[in-house]
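Participant: after the sequence you'll find the predicted model.
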Amino acid sequence: MSQTHFGFQTVDERDKARHVRGVFDSVASNYDIMNDLMSAGLHRLWKRYAITVAHPRPGDRVLDIAGGTGDLGLAFAPLVAPTGTVVHTDINEAMLREGRNRLLDKGLALPTLVCDAEHLPFSDGHFDIVTVAFGLRNMTHKELALREMNRVLRPGGKLLVLEFSKVAPPLEKAYDWYSFNILPKLGKWVAKDEASYRYLAESIRMHPDQETLRGMMREAGFGHVDVHNLTAGVTALHVGIKC
């Protein structure tokens, strides 16, 4: 049986999704406040930058994969209105429920469904924009997921992958200390879950670096891929254009 990583652990491929589901079932109710605490609010600026680069227009069809608590869906919806659509998806039902409720509280009802990015239930060429923010690193078969994202985009459409990445070398030691000492403690104090936030730190280290991910996107069929390093590489925005 093939194996893969879950943080620094090695697990059977078929078990990774179950482990990831357990993490997000645990953190769903505290996900937004933990994001603000962990990043000092920077995640909001990273997402706003991604939306600016996406440059959505009225009438665009947008697919938000691993949409979680709905930050991107909430931002995209007024920009593609009145004739466009934003589809809010996540593989984790608890996260999706948190996002749906948050969107409804804001008076926004988006098409919302549980789906696996490795097997998207949409027709070829259906979307103008596909986004995945802080979700790709949790996927078991990233290459398959990227090919699926390419498949559902129209020619000339954009994929935007916003993800933690490889930080600039001068910051590595400080970033590692913060990740493995402060993040788990925040998780323990706020979310009552130290292990899930230790997994977060480990999963970032196991995720492909900027150039490796660029190559994976090219292999998946994107003819042009730009990389935007944000906050010295703490995160990176990869923008792929479908041929």
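Facilitator: Noted; the coordinates are in hand. The structure displayed is predicted, hence computed values, not measured ones.

Participant: only C-alpha atoms for contact and neighbour calcs from this point on.
Facilitator: Will do.

Participant: quickly find the element holding Leu237.
Facilitator: Leu237 is located in strand 235-242, with elements delineated by DSSP states H and E.

Participant: just checking: what are the partner strands of that strand?
Facilitator: The strands that strand 235-242 pairs with in its sheet are strand 153-164 (antiparallel), strand 222-230 (antiparallel) (by DSSP bridges).

Participant: now render these as CSV, adding distance to Lys142 and mean neighbour count.
Facilitator: Supplementary listing: the strands paired with strand 235-242 in CSV, determined by distance: least, Cα to Cα, whole Å; neighbours: other Cα atoms under 10 Å:
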stretch, distance to Lys142, mean neighbour count
strand 153-164, 12, 23
strand 222-230, 14, 17
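
Participant: next, format the ones you listed as a markdown table and append mean pLDDT.
Facilitator: Formatted as a markdown table, the strands paired with strand 235-242 follow (pLDDT from 0 to 100):
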| stretch | mean pLDDT |
| --- | --- |
| strand 153-164 | 98 |
| strand 222-230 | 97 |
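
Participant: in CSV, list those strands along with distance to Arg44.
Facilitator: Output for the strands paired with strand 235-242, formatted as CSV (distance: least, Cα to Cα, whole Å):
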stretch, distance to Arg44
strand 153-164, 12
strand 222-230, 12
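
Participant: nearest to Ser196, out of those?
Facilitator: Each of these was scored for nearness to Ser196 using Cα to Cα, and the closest is strand 153-164 (16.0 Å).

Participant: what's the closest one in contact with?
Facilitator: Residues outside strand 153-164 that contact it (Cα atoms under 8 Å, 6 or more residues apart in numbering): 46-47, 50, 54, 124-137, 149-150, 204, 233-243.

Participant: any idea which helix or strand comes after that strand?
Facilitator: Past strand 153-164, heading to the C-terminal end, the next element that is a helix or strand (DSSP H and E) is helix 172-177.

Participant: which residues touch stretch 177-185?
Facilitator: If you take Cα under 8 Å, 6+ apart as the criterion, stretch 177-185 is touched by Met38, Asp193, Glu194, Ala195, Ser196, Tyr197, Arg198, Ala201.

Participant: what's the answer for stretch 127-146, then?
Facilitator: Counting by Cα under 8 Å, 6+ apart, the neighbours of stretch 127-146 from elsewhere in the structure are 4, 13, 16-17, 20, 47, 54, 56, 60-67, 117-119, 149, 152-154, 156-164, 203-204, 206-207, 216-217, 220.

Participant: quick one: end-to-end distance for it.
Facilitator: End-to-end distance of stretch 127-146 (Cα to Cα, to the nearest Å): 14 Å.

Participant: run the angle between the helix or strand in which Leu144 is found and strand 235-242 for me.
Facilitator: When secondary structure is defined by DSSP H and E, Leu144 falls within helix 142-152. Counting by axes from the mean of the first three to the mean of the last three Cα atoms, to 10 degrees, helix 142-152 points 50 degrees away from the direction of strand 235-242.

Participant: what about helix 142-152, distance to the chain center?
Facilitator: Using Cα atoms, centre = their mean, to the nearest Å, the mean C-alpha position of helix 142-152 is found 14 Å from that of the whole chain.
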